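Asker: A structural model of the following input is requested.
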Amino acid sequence: MATAIQVEGVTRRFGAVEALCRVDLEVSAGERVALIGPSGCGKTTLLKVLGAQLAPDEGTVEVLGRNPLLLNERELRALRSALAFLPQDLGLVPNMRVIQNVVGGRFGKRSLWGALRDLILPGLEERRRIFALLGRVGIAEKMYDRVDSLSGGQQQRVAVARALFQEPEVLLADEPISAVDPARARQLLELLVGLCGEEELTLVVSMHQLELAREHFSRIVGLKEGRILFDREADALEAEEMRALYELETEV
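Answerer: Predicted coordinates:
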């Protein structure tokens, strides 16, 4: 199976804080991987490195066979357009309509004038594709509603539709279920995993709900203090590893 992501010895610092320390990770094309760990363990930083949004201070990164540090501006833009990033805050524009937010998923593949035209008046084919995508996530009837009129769960579905409209090869999602109740979290994960399976996308999701990760992902990577504590098949995780992931290093 082809490799979608290859990370070797990656370290990333923010001032004196070492967010990632000598991280090694390989993800195959089409694989579903959950990054789990406590807040501040480096999950978001790792996702941004994988998404070519942050450069490592040390180590090497290859995504879809390309090293982001070796690319020119045009090549880097093309690589990023193949990597959909679903941020924790969703990145939606609240006072714009659903269709306008979804069409933004392809701005990286459009010229400035093409992006402006699509934003103001998407073509018939774009409108049909967006309606179909919104139908797949269960909110087709909200296509012309303002985003700030939607519930939190509906806004998450808009963000998923926008990511799919981008037609990526890899989808990176940062804590997509942190702001919803357990029932809706399970529904959203089922939707996300199911759609990525249908589209044959590589999926990497950060989260801290271990049981949900074990339900929906075949592979789980545990991060603690910027290091990978374990990298296991979901059904091979041991209780001692799970306890070690969340226990405090130093008692206060």
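Asker: Show me which helix runs longest in the chain.
Answerer: The longest helix of the chain (DSSP state H) is helix 182-199.
Asker: What strands line up against the helix or strand just after that helix, and which way round?
Answerer: Following helix 182-199 in sequence order, the next helix or strand is strand 202-207 (DSSP states H and E). In its sheet, strand 202-207 lies beside strand 32-36 (parallel), strand 170-174 (parallel), with partners assigned from DSSP bridges.
Asker: Now do the longest helix of the chain: distance to the chain's middle.
Answerer: Distance of helix 182-199 from its chain centroid, counting by Cα atoms, centre = their mean, to the nearest Å, is 13 Å.
Asker: hey, which helix or strand in this structure has the poorest pLDDT?
Answerer: helix 112-120 (a mean of 57; mean pLDDT, DSSP states H and E).
Asker: pLDDT (mean, whole number) over the helix or strand just after it?
Answerer: Later in the chain than helix 112-120, the nearest helix or strand by DSSP H and E is helix 124-136. Averaging pLDDT along helix 124-136 gives 89.
Asker: How about stretch 73-89?
Answerer: The model assigns stretch 73-89 a mean pLDDT of 91.
Asker: swap in stretch 205-224?
Answerer: Across stretch 205-224, the average pLDDT comes to 90.
Asker: From start to finish, how long is it in a straight line?
Answerer: Its first and final residues considered, stretch 205-224 spans 16 Å by Cα to Cα, to the nearest Å.
Asker: Can you list the buried residues in that stretch?
Answerer: Buried residues in stretch 205-224, counted by 16 or more other Cβ atoms under 10 Å: 205-210, 212-214, 216-217, 219-224. Placement of C-beta: from N, CA and C, glycine included.
Asker: sorry, back to before: would you mind giving the strands paired with strand 202-207 as JSON lines with mean neighbour count added?
Answerer: Formatted as JSON lines, the strands paired with strand 202-207 follow (neighbours: other Cβ atoms under 10 Å):
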{"stretch": "strand 32-36", "mean neighbour count": "25"}
{"stretch": "strand 170-174", "mean neighbour count": "24"}
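Asker: could the ones you listed be laid out in JSON lines, adding mean pLDDT?
Answerer: Listed next are the strands paired with strand 202-207 as JSON lines, based on pLDDT from 0 to 100:
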{"stretch": "strand 32-36", "mean pLDDT": "95"}
{"stretch": "strand 170-174", "mean pLDDT": "95"}
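Asker: what about those, which gets the closest to Asn67?
Answerer: The closest of those to Asn67 is strand 170-174. By Cβ to Cβ, the value is 15.1 Å.
Asker: quick one, that closest one and helix 182-199 angle?
Answerer: Per axes from the mean of the first three to the mean of the last three Cα atoms, to 10 degrees, the angle that strand 170-174 makes with helix 182-199 is 170 degrees.
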